[in-house]
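K.L.:
Here's my sequence, what's the structure:
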Amino acid sequence: MKETLARNIARYRKERGYTQEELGRMLGLSYQAVSKWENALTMPDLALLPDLSKALEVSIEKLLGYISQDGRISIYEDAYKTPDYYWGTEPNTACYQVLRIRPPTRRLKLLDIGCGEGKDAVFFARNGYEVTAFDVSDAGIEKTKKLADKIGVHVNVFKADLLDFRLDTHFDILFSSGVLHYIKPDYRDEIFMNYKQFTNPEGVHAFNVFLEKPFIAPPPEREENAYKWYSGELLSHYHDWLILESSETVFDCNSSGIPHKHAMAKMISQKVP
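P.N.:
Numbering: from 1, shown residues only. The predicted structure is shown next:
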C-alpha cells in the first residue's frame with residue numbers, strides 16, 4: 001500500500017499542478033515531508049488523509065488505490081450487464097499468434113490487461129496458460145468468472161484501474177486488446193517501463209492500440225477517458241526488444257449500433273535475454 005499511496009500522491013499532485021512545496025504549505029507541512037511520501041520513505045498520518053484528499057480533489061479510497069464502486073466507471077458497464085457477451089466469446093486473432101509464438105509447453109504466466117468480459121483470458125486458460133486478468137468493470141469481471149466456470153478453467157481475475165495498477169511480479173506474456181488508449185500520454189513511459197521490467201527473459205507482449213488518423217472520423221462512443229495514439233508510438237516503447245510483428249489496419253465496426261471505422265496498430269514483441 002505504501003508504494004501505491006506514494007505513486008498516487010505524486011500523480012494527483014502533478015495533475016492539479018502543485019509543487020511539493022505548495023502541497024506541503026496547504027497541509028501545514030514542509031516539502032520534505034511530501035517528498036518522503038512520494039518516495040515511499042514515510043506515509044501520511046491517518047489524521048491527514050481527509051485534508052490530503054481534499055487538497056488533491058480525490059477520494060481517500062482512490063488515493064489508497066481502491067476503486068470507488070459508485071457511478072459508472074466504464075461506458076461498457078451497462079452493456080456488460082446483459083446476458084449476452086457484448087464482444088462475443090470468440091478470441092481475438094492475436095491470441096492464436098501468442099499461442100504459436102509462446103506455446104505453453106511449460107508453465108507460462110500470462111496477464112490480460114483490461115480483459116473486458118474475459119473471452120481472451122478464458123481462451124488462454126483453456127489452452128494451458130496460468131492466466132491473471134483485470135478490468136475496471138464490475139460487470140466485466142463477473143462475466144469473466146462466469147465464462148471461465150462454464151468452460152471449466154481458472155482465471156485469477158480482479159478489479160483494477162489501468163492508470164493505477166503496476167506490476168510487482170513477473171509474467172511471461174502480457175496481452176491487451178482495445179484498452180491501451182485509456183492510458184494518459186504522460187503515464188505511458190512509466191507504465192510500459194513497469195510492464196517491461198516485470199516480464200521474464202524471452203517474454204512476449206502482444207498489444208494493439210487505436211490510432212488517430214485524419215481520414216477517419218471519431219467513433220460515435222463518447223469516451224471521456226480515451227487518449228490518442230499515433231503511428232509508431234507503440235513501437236517507440238520497444239526499441240530495445242525484438243519486434244516479431246508490427247502492422248496497421250483499418251476495419252469496420254458496429255459495436256455502438258452505428259457503423260464506423262477504426263485504425264489500429266498491432267505489435268508483438270519479445271524481450272531479448
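
K.L.:
What are the boundaries of the helices in the stretch 1-150 of the chain?
P.N.:
2-16, 20-26, 31-38, 49-56, 60-63, 77-80, 93-101, 119-126, 138-151 (DSSP state H, counting those that start in this stretch).

K.L.:
Run through who's touching the fifth one.
P.N.:
Which is helix 60-63. Defining contact as Cβ atoms under 8 Å, 6 or more residues apart in numbering, one finds that helix 60-63 is touched by L5, N8, I9, Y12, L49, P50, L52, S53, L56, I67, S68. The way it works is simple: take the backbone N, C-alpha and C, and place the C-beta from them, glycine included.

K.L.:
do the same with the third one
P.N.:
For helix 31-38, the surrounding residues in contact (Cβ under 8 Å, 6+ apart) are 5-7, 9-10, 13, 19-21, 23-24, 27, 42-44.

K.L.:
Quick one: end-to-end length of stretch 54-64, please.
P.N.:
This stretch, stretch 54-64, spans 14 Å end to end (Cα to Cα, to the nearest Å).

K.L.:
Could you give the separation of that stretch from the chain centroid?
P.N.:
Chain-centre distance of stretch 54-64: 20 Å, with Cα atoms, centre = their mean, to the nearest Å.

K.L.:
in it, what's buried?
P.N.:
Residues of stretch 54-64 classed as buried: A55, L56, V58, K62, L63 (neighbour count, 16 or more other Cβ atoms under 10 Å).

K.L.:
Next one: the last one relative to I9, how far apart?
P.N.:
Relative to I9, L63 is positioned 7 Å away (Cβ to Cβ, to the nearest Å).

K.L.:
give me every residue that touches the residue nearest to K119 when sequence neighbours are not counted.
P.N.:
Nearest residue to K119 in three dimensions, chain neighbours excluded: T89, at 5.0 Å (Cβ to Cβ, 6 or more residues apart in numbering). Contacts for T89 were tallied using Cβ under 8 Å, 6+ apart; they are K119, V122, L147.

K.L.:
okay, the residues you listed in TSV with distance to C95 next?
P.N.:
Below are those laid out as TSV (distance: Cβ to Cβ, whole Å):
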residue	distance to C95
K119	9
V122	10
L147	14
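
K.L.:
Which of these sits closest to F215?
P.N.:
In terms of Cβ to Cβ, no member of the contacts of T89 lies closer to F215 than K119, at 30.4 Å.

K.L.:
Give me the neighbour count for the closest one.
P.N.:
22 (other Cβ atoms under 10 Å).

K.L.:
And it, how far from Y86?
P.N.:
Distance, K119 to Y86, using Cβ to Cβ: 10 Å.

K.L.:
quick one: the helices in the stretch 151-273 of the chain?
P.N.:
Using DSSP H, counting those that start in this stretch, helices in the stretch 151-273 of the chain cover 185-197, 233-236.

K.L.:
Not counting sequence-adjacent ones, nearest residue to the residue nearest to the spatial centre of the chain?
P.N.:
By Cα atoms, centre = their mean, the chain has its centre lying nearest to L162, at 3.2 Å. Here the nearest residue to L162 in space, its sequence neighbours aside, is Y182; by Cβ to Cβ, 6+ apart that works out to 5.2 Å.

K.L.:
Tell me how many other residues crowd that neighbour.
P.N.:
Neighbours around Y182, by other Cβ under 10 Å: 16.

K.L.:
Mind checking which of the contacts of helix 31-38 are buried?
P.N.:
Buried among those by 16+ other Cβ under 10 Å: L5, A6, R7, I9, A10, R13, Q20, L23, G24, P44.

K.L.:
Next, show the common contact partners of L63 and I9.
P.N.:
L52, L56.

K.L.:
wait, which of the helices of the stretch 1-150 of the chain is closest to M264?
P.N.:
helix 93-101 (10.7 Å).
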